[in-house]
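# With the input below, show me the fold.
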Amino acid sequence: MRIFSIFILLIFTISLSAQYDTIRVKNSSFEDRPRAGEYYTPSIKSWYDCGAVQFPRETAPDIHPIDFWEVRLPASDGNTYLGMVVRDNESWESVSQRLTLPIERDMCYKFSVDLARSNTYLSGSRSRTDDVKVQYTRPAVLKIWGSNGYCGKRELIAESAPVENFNWESYEFEFKAKSSHLFVTFEAFYKTPVLFPYNGHILVDNISSFIEMSCDGEEELVAEVEVPKPKKEEKPKVEEKEEPIVAAVEVVKPQPKVEKPKTKKINGLLKKDLTQGQKLKIENLLFPADKSTINRTSFKALDEVYEFLEENNNIKIEIGGHTNGNPGISHEYCDKLSSQRARSVAEYLIEKGLSQDRLKIKGYGKRDPIATNETKAGKLKNQRVEIKILSLG
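Prediction:
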């Protein structure tokens, strides 16, 4: 009888613990080929490089240990780990992934991550005119964001202190989610407040699962369960029944599922109407003068683009920004503004849930006009963002 009571108590304890979810992080120790980050390199296994969209002129994060940057610290877990930098040109690195289960609103979680800093981290700097490498050794912080799209920043769920330790240390975090999130982003950032951006880095390894926990921080108490003594079973009375009469039924085979035709359009066109290399202007996309912030009235137009790409998930595109050809404005300024506007569109689509692997961005400046720049109407036509079909899948 005592063994039976213990067994019931164990089952009750397991049932309580099963109420809590464990959210696994894929490739949590960044196992990959050691390499220095390059332009347009493939993303690390199970992770997306956010800098490819946010800072397309910069290289991707590095996989260590590698002598290329003179970072030789052995991995905390597995064979390799991630190195992310912050730069003196106001750019920084981050990676993102879709979680195996969503972080739920108003639920509490805990997780840990191993962080360290190398005493050497040699790399080039855009602030220098020569090819001399500089040290990226100043401490940086790790920010962890939750969102509903790759590289989104809907909610800051955790932030480390500046990482100054040269050996691996486990940083533990607890948080209560204000919103639900299906994506998580790990971002290197400057120690704040800071007057000027600087060159620094952070090493990341061995991210634990996100473990759901009680929001009051106390362990769940399992009440002692009194197991009732089983009553002596009485044999039920069996009533004699007549055998049911079963009618002859014709078995109907299930019909094959018919795929629903794709109905989403872009600029009034279905996928079958498009060709590789075709360019489409995003209509009703507005920006304030000389800025890359998308006007709220443009969200509907971008939502239609996202819905089309979501339904036709084999299409890859280039988002190209263009400015008008005002002769008083330099090519350098126009290139920068057009690239920033294209990036804003890409970030909006990624935040909605589109994979960044399907997007490329390019700023054409004022080099590719489609109308005269002598009239206001012509300038408005030239100032545009276009989608170029790179692949139809």
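
# Model confidence for the most centrally placed residue in the chain, exactly?
Nearest to the geometric centre of the chain sits Y150, at 2.4 Å (Cα atoms, centre = their mean). For Y150, the pLDDT comes out at 90.

# need the contact list for it.
Contacts for Y150 (Cβ atoms under 8 Å, 6 or more residues apart in numbering) come out as 48, 50, 96-98, 183, 185, 350-351, 353-356. From N, CA and C alone the C-beta is placed, and that goes for glycine too.

# Which one of these sits in the busiest neighbourhood?
C50 (27 neighbours; other Cβ atoms under 10 Å).

# Next, the buried residues of the host helix or strand of E310.
Using DSSP states H and E, E310 maps to helix 299-311. Of the residues in helix 299-311, A301, L302, E304, V305, Y306, F308, L309 count as buried by neighbour count, 16 or more other Cβ atoms under 10 Å.

# tilt between the helix or strand that that helix is followed by and helix 299-311?
Following helix 299-311 in sequence order, the next helix or strand is strand 316-322 (DSSP H and E). Inter-element angle recorded for strand 316-322 and helix 299-311: 160 degrees (by axes from the mean of the first three to the mean of the last three Cα atoms, to 10 degrees).

# how far out from the middle of the chain is the next helix or strand after strand 316-322?
Sequence order places helix 331-352 as the next helix or strand after strand 316-322, per DSSP H and E. Averaging C-alpha positions (Cα atoms, centre = their mean, to the nearest Å) puts helix 331-352 18 Å from its chain's average.

# and T100, what does it touch?
T100 sits in contact with I23, R24, V25, K26, where contact means Cβ under 8 Å, 6+ apart.

# Let me know the closest of those to G325.
Using Cβ to Cβ, K26 comes nearest to G325 of the contacts of T100, at 46.8 Å.

# Quick check: which element contains that closest one?
With DSSP H and E as criterion, K26 is part of no helix or strand.

# okay, now N326: neighbour count?
N326: 14 surrounding residues under other Cβ under 10 Å.

# So it sits against G365, correct?
No: with contact defined as Cβ atoms under 8 Å, N326 does not count as touching G365 (11.1 Å).

# and V53, helix, strand or coil?
The local conformation at V53, judged by DSSP: H, G, I helix; E, B strand; the rest coil, is helix.

# likewise S170?
strand.

# Repeat that for the one 4 residues further on.
When the structure is split into helix, strand and coil by three-state DSSP, E174 lands in strand.

# For it, give the beta-bridge partners.
For E174, the beta-bridge partners under DSSP bridges are K110.

# ok so V141 is a strand residue?
Yes: under three-state DSSP, V141 falls within a strand.

# Quick check, it in contact with E164.
No: the pair V141 / E164 is not scored as a contact, 10.5 Å apart, by Cβ under 8 Å.

# quick one, which of these two is more surrounded?
Counted by other Cβ under 10 Å, V141 and E164 do not tie: V141 has more neighbours, with 19 against 13.

# Count the residues that sit near D273.
Number of residues near D273 (other Cβ under 10 Å) recorded here: 11.

# how close does it get to N267?
Between D273 and N267 the distance is 9 Å, computed by Cβ to Cβ, to the nearest Å.

# repeat for K279
From K279 to N267 the distance is 10 Å (Cβ to Cβ).

# Next, show the common contact partners of those two.
By Cβ under 8 Å, 6+ apart, no residue touches both K279 and N267.

# What's the first helix or strand after the lowest-mean-pLDDT helix or strand in the chain?
The weakest-scoring helix or strand in the chain, judged by mean pLDDT, DSSP states H and E, is helix 2-17 (a mean of 50). Note on helix 2-17: by DSSP H and E, the next helix or strand toward the C-terminus is strand 22-23.

# Run the chain-centre distance for that next one.
Relative to where its chain is centred, strand 22-23 has its mean C-alpha point 17 Å off (Cα atoms, centre = their mean).

# Residues contacting it from elsewhere in the structure, which ones?
The set of residues external to strand 22-23 that reach it, using Cβ under 8 Å, 6+ apart, is L99, T100, L101, P102, I103, Y109, S209, F210, I211, E212.

# please redo it, this time with the cut-off set to 7 Å
With contact meaning Cβ atoms under 7 Å, 6 or more residues apart in numbering, strand 22-23 is reached by L99, T100, L101, I103, S209, F210, I211.

# Is the second one within a helix or a strand, and which one?
Remark: T100 resides in strand 94-103, with elements defined by DSSP H and E.

# In PDB, please show the C-alpha coordinates belonging to that strand.
Extracted C-alpha coordinates of strand 94-103, given in PDB (Å, rounded to 0.1, in the frame of the first residue of the first chain):
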ATOM      1  CA  SER A  94      23.300  40.700 -33.900                       C
ATOM      2  CA  VAL A  95      21.900  37.300 -34.800                       C
ATOM      3  CA  SER A  96      18.300  36.000 -34.600                       C
ATOM      4  CA  GLN A  97      16.300  32.800 -34.800                       C
ATOM      5  CA  ARG A  98      12.700  31.400 -34.600                       C
ATOM      6  CA  LEU A  99      12.100  29.600 -31.300                       C
ATOM      7  CA  THR A 100      10.800  26.000 -31.100                       C
ATOM      8  CA  LEU A 101       7.900  27.200 -29.000                       C
ATOM      9  CA  PRO A 102       6.600  30.800 -28.400                       C
ATOM     10  CA  ILE A 103       7.400  32.800 -25.300                       C
END
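
# as a whole number, average confidence for that strand?
Strand 94-103 carries an average pLDDT of 94.

# what do you get for stretch 174-191?
pLDDT averaged over stretch 174-191 gives 95.

# For that stretch, list every residue counted as buried.
The neighbour-count check on stretch 174-191 (16+ other Cβ under 10 Å) flags 175, 177, 181-191 as buried.

# Please render those as JSON lines that adds distance to E332 to the earlier fields.
Shown next, in JSON lines, are these (distance: Cβ to Cβ, whole Å):
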{"residue": "F175", "distance to E332": "43"}
{"residue": "A177", "distance to E332": "43"}
{"residue": "H181", "distance to E332": "38"}
{"residue": "L182", "distance to E332": "39"}
{"residue": "F183", "distance to E332": "35"}
{"residue": "V184", "distance to E332": "36"}
{"residue": "T185", "distance to E332": "31"}
{"residue": "F186", "distance to E332": "33"}
{"residue": "E187", "distance to E332": "28"}
{"residue": "A188", "distance to E332": "28"}
{"residue": "F189", "distance to E332": "28"}
{"residue": "Y190", "distance to E332": "26"}
{"residue": "K191", "distance to E332": "31"}
